[in-house]
Every structure is written in structure tokens, then in C-alpha cells.
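# Let's see this in three dimensions:
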Amino acid sequence: MSFLKNIFSKEKKETLDKGLEKTKSSFFNKLSKAVAGKSTVDEDVLDNLEEVLVTSDVGVDTTLKIIDRIEARVAKDKYLGTEELNQILREEIAGLLSETNVEDQTDFTIPATKRPYVLMVVGVNGVGKTTTIGKLASQFKKKGLKVVLGAADTFRAAAIDQLKVWAERVDVPIVHQEMGSDPASVAYDTLQSAVSQNADVVIIDTAGRLHNKVNLMNELVKIKNVMQKVVSDAPHDVLLVLDGSTGQNAFEQAKQFTKATEVTSLAVTKLDGTAKGGVVIGISDQFQIPVKYIGVGEGIDDLQVFNKHEFVDSFFK
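Okay, here's the model as predicted:
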């Protein structure tokens, strides 16, 4: 995969490699045990591989899909060696990711025709939602884009305060009201402010209270409807933030949020502190929603655009 060398900077690539180290180490330790003493890929190896993938948080359905594809290749070549398994896995996982992530991004960009570009961010508390918003604001600003934040998670005072801290840190304007205010009102004011300032990007934080999905659904619909009074086709992207370190719980959150609202992209955070990075593969495949960003460190620049080739390359390096 030498053509990848110029896609990411060396520094970004090293950060990604390091961020996936725990996942990679855990996965390949399990894989080496799965094929120990075997020279060809037989039924036992496939059964063991299935267990490796499931316990690596790839998810049952996606695991079965990968196993089926490998079985088809084994059927063609009866003497497929275990030493070839890494390359086969690499190809099949890259293929799966390609089916969802149609185009790889290499940078933080927005469509040239959308101004302001409105990004609505959803996700439960504790997944790194506010941090992701702050890091996105920083990346967009570095591209010379004018960014406005909207603190529409008015359910928690802490959410408003945290976003204000990030706005100050990144030095971008923020629109906020008091805790308990109408979230749709905050979103409306944010878009009005953004339009008046000729902003390029608007990022709206929202509350994620999954224990009452009906209320969440109604709130998000209301926010969308009110925003469209200012920007007719807003939001342009609904980004669901998931904590990669929670593994299968992230699947459940994705399931609940995709029922509550139309999610158009995903950000998977905290991959650097976990061995559960396989969740990126499973979530991308199962929900057929592109993973747009991944968090591979705590630094402000450690939120990266998700590039399937780079991800697979780092995973199998």
C-alpha cells in the first residue's frame, strides 16, 4: 500500500498507528493463538477466527459476513495457508469499509456550495461529544473557515459551560442561553448569528437523553424545523459521536439514535485507550453510515478524518 504514503502526513500516520496499538496488539495476539499449529485455513481456524473477531468487538453480523467471504475464498483454494490469512482479512475488511465509506477524506473539508454548513452533533453524555465539537472547530478554523458554535444541550449546565470553554480555547464565537432554555431557540439564534457574520461552519451541540427516546426524537425534529427557517436545508450533516471504548454499548447507542433521528455520519472517539477499535468496522458495516472522524488521542489535533485505507493499513501494519 505504498500509494498511501502521501495521503496522511507522517505525524498523522504515526498518531493513528499509536492510537490503534492496543486494538492491534489484542487482535493479533488472539489471531496468532487461533492459527497456532495450523498450516492451512480449515474449519477449526475459521471457528477460532470467528471468536477472535467477535471478541474484538467487530460485532456478530459483521463477523459472519467476513467469515462467509473468507470461506468462499477457501472453497476456491483448498490449500489456503494460514500465513495468507492476514492479507485476506485485510482485503475483506477494507472491502467492507469501502461499501460504506464511498469516498475517503484526507482533510477537514466542507462542500463549497453550502454556506453556512450546518453540522448538528448528537450523542449521549460522556462519549466525548463536546470535546469532538471543540476539536472540529479547531480543525475547521485552521482551514481558514469561520466557525460558530451553538450550545443547544440546555439540559445540563455543565454541557453549556464545557462548550464555552472550548469556544474560548479555539477562539470562536458561541451562542448560548441559560440551562433549561428551549434548545430549538438556541439553534435558531445560532444560525441567525452565523448568517449575519457570514460564517462558513455552524456546529450545534444537542442533548442526548436516550432514556426517553420519544422526547429526544421530538426535540431533534423541532431543532431541525426551526433551523430550516433560517437555512432552508439545514442541517447538512447529523454527526453521531460514539465512544469506541464502550464496544458493544456503542452499537446499542447507534441503534437507538438512528431510530430517533436521521444520522448521516459517525465520529468514533477514545480509540487510543482501548482494545475495542474493531467496533469501527462493525458499526460502519451494520448501520451503513460513513465513519467521518476518529479520536486517537487527547490532543487537540488527535481528531482525524477517517480514511479506510489508512485505518486498515495501521491495523494490519
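
# Helix or strand: which one has the most centrally placed residue in the chain?
Per CA atoms, centre = their mean, the C-alpha nearest to the average position across the chain is that of residue 267, at 2.1 Å. Following DSSP states H and E, one finds residue 267 within strand 265-269.

# Please save the CA atoms from that strand in CSV.
Taking Å, rounded to 0.1, in the frame of the first residue of the first chain, the C-alpha atoms of strand 265-269 are listed here in CSV:
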residue,chain,number,x,y,z
SER,A,265,-22.2,10.4,9.7
LEU,A,266,-20.3,9.0,12.7
ALA,A,267,-17.4,10.0,14.9
VAL,A,268,-15.8,7.2,17.0
THR,A,269,-13.8,8.6,19.9
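
# The residue nearest to the centre of the chain - nearest residue in space that isn't next to it in sequence?
Nearest residue to residue 267 in three dimensions, chain neighbours excluded: residue 293, at 4.1 Å (CB to CB, 6 or more residues apart in numbering). (C-beta placed from N, C-alpha, C; glycine too.)

# Got phi/psi on residue 111?
phi -60, psi 140 (degrees, to the nearest 10).

# Can you name the residues that contact it?
117, 236 (CB atoms under 8 Å, 6 or more residues apart in numbering).

# same question, residue 118
Contacts of residue 118 by CB under 8 Å, 6+ apart are 191, 202, 204, 227, 231, 234, 235, 236, 237.

# One more pass at 7 Å, please.
Contact partners of residue 118, counting by CB atoms under 7 Å, 6 or more residues apart in numbering, are 191, 202, 204, 227, 231, 234, 235, 236.

# you'd agree it is in a helix?
No: counting by DSSP: H, G, I helix; E, B strand; the rest coil, residue 118 falls outside a helix, being strand.

# Let's see the pLDDT reported for it.
At residue 118, the pLDDT value in this model is 97.

# Helix, strand, or coil at the closest residue to it other than its chain neighbours?
Sequence neighbours aside, residue 234 is the residue nearest to residue 118 in space, at 3.9 Å (criterion: CB to CB, 6+ apart). At residue 234 the chain is in coil, as set by three-state DSSP.

# still on that earlier bit, who touches the very next helix or strand once past the strand holding residue 267?
The helix or strand immediately downstream of strand 265-269 is helix 279-287, counting by DSSP H and E. Contact with helix 279-287 is made by 57-59, 61-62, 65, 93, 96-97, 100-101, 242, 244, 247, 250-251, 254, 258, 266, 268, 291, 294, 311, as judged by CB under 7 Å, 6+ apart.

# Emit the ChimeraX select command for whichever of the residues you listed are buried.
Typed into ChimeraX, the line below selects the buried ones among those, using 16 or more other CB atoms under 10 Å:
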select :57,58,59,62,65,93,96,97,100,101,242,244,247,250,251,254,258,266,268,291,294,311
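
# List the ones among the contacts of helix 279-287 that fall in strands.
242, 266, 268, 291, 294 (DSSP state E).

# where's the nearest residue to residue 250 once chain neighbours are set aside relative to residue 176, distance?
If the residues on either side of it in the chain are set aside, residue 250 comes closest to residue 242, at 4.3 Å by CB to CB, 6+ apart. Distance of residue 242 to residue 176, given as CB to CB, to the nearest Å: 25 Å.
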